[in-house]
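# need the 3D shape of this:
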Amino acid sequence: MIATTIDTIIPTIPTITTRLEPPRIPASARGQLVVTVDTPAGCHTHSHAPNQPFLIPTTLELDEVAGVVFGPPVFPTPDTERFDWTPVELDVYRGRVHIVAAVAVAPNTSVSNVTIVG
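Next comes the predicted model:
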C-alpha cells in the first residue's frame, strides 16, 4: 500500500483585488484604478516586460466602457532574481504588487454604476 499525507496545501494562485481611488468618480472627473496582486509566499509572477522571450508577461487589459477612458497601466519595478532552473536572471514580482491605471470619466456621462471588466 502507498499512502501520502499532505499536512499543508500551499496556495500557488495569486489573489487579485481592485479598488477605485476615489471610490466614486463623477462625470468630468479623474481617478485611478488600482489592481492589487498578492502572490503567495514562495511563488512569483513574471514582470510586465520579461527579459526572456519565452516568458509570459503580467498584463492588465480593460474592456472599453462608454464614457470612461482608461490610461495605460503602470507596473511596479520588478525584482531581478536567479533561479536554480535557469542560468539567466529573470524579472519577477513577489508578494504584493499594485498595478495602476488612470481613469477619466467624460463630461455628461450619466452612469450610476459601471462594471469594469478586464
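# from now on I want contacts and neighbour counts done on CA atoms only, so please keep to that.
OK.
# neighbours of residue 85, how many?
Per other C-alpha atoms under 10 Å, the neighbour tally for residue 85 reads 6.
# average model confidence for stretch 59-79?
What stretch 59-79 shows for mean pLDDT is 94.
# residues making contact with it?
With contacts defined as C-alpha atoms under 8 Å, 6 or more residues apart in numbering, stretch 59-79 is touched by 47-48, 91-94, 97-107, 109, 114, 116-118.
# do the same with stretch 38-55
11-16, 56-59, 75, 78, 90-97.
# CA atoms of that stretch as PDB?
Output of stretch 38-55 as PDB, limited to C-alpha atoms (Å, rounded to 0.1, in the frame of the first residue of the first chain):
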ATOM      1  CA  ASP A  38      -1.000  39.100  -4.000                       C
ATOM      2  CA  THR A  39       1.300  36.300  -5.000                       C
ATOM      3  CA  PRO A  40       1.700  33.500  -2.300                       C
ATOM      4  CA  ALA A  41       5.000  33.200  -0.500                       C
ATOM      5  CA  GLY A  42       7.400  31.000  -2.400                       C
ATOM      6  CA  CYS A  43       5.800  31.900  -5.700                       C
ATOM      7  CA  HIS A  44       6.400  34.600  -8.300                       C
ATOM      8  CA  THR A  45       4.800  36.100 -11.400                       C
ATOM      9  CA  HIS A  46       6.800  37.400 -14.400                       C
ATOM     10  CA  SER A  47       7.100  41.100 -14.900                       C
ATOM     11  CA  HIS A  48       5.100  43.100 -17.400                       C
ATOM     12  CA  ALA A  49       8.300  43.200 -19.600                       C
ATOM     13  CA  PRO A  50      10.100  39.900 -19.000                       C
ATOM     14  CA  ASN A  51      13.700  39.800 -20.100                       C
ATOM     15  CA  GLN A  52      13.400  36.500 -21.800                       C
ATOM     16  CA  PRO A  53      11.200  35.900 -24.900                       C
ATOM     17  CA  PHE A  54       9.800  32.600 -23.700                       C
ATOM     18  CA  LEU A  55       8.200  34.100 -20.500                       C
END
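# out of the contacts of stretch 38-55, name the ones that lie in strands.
15, 16, 90, 91, 92, 93, 96, 97 (DSSP state E).
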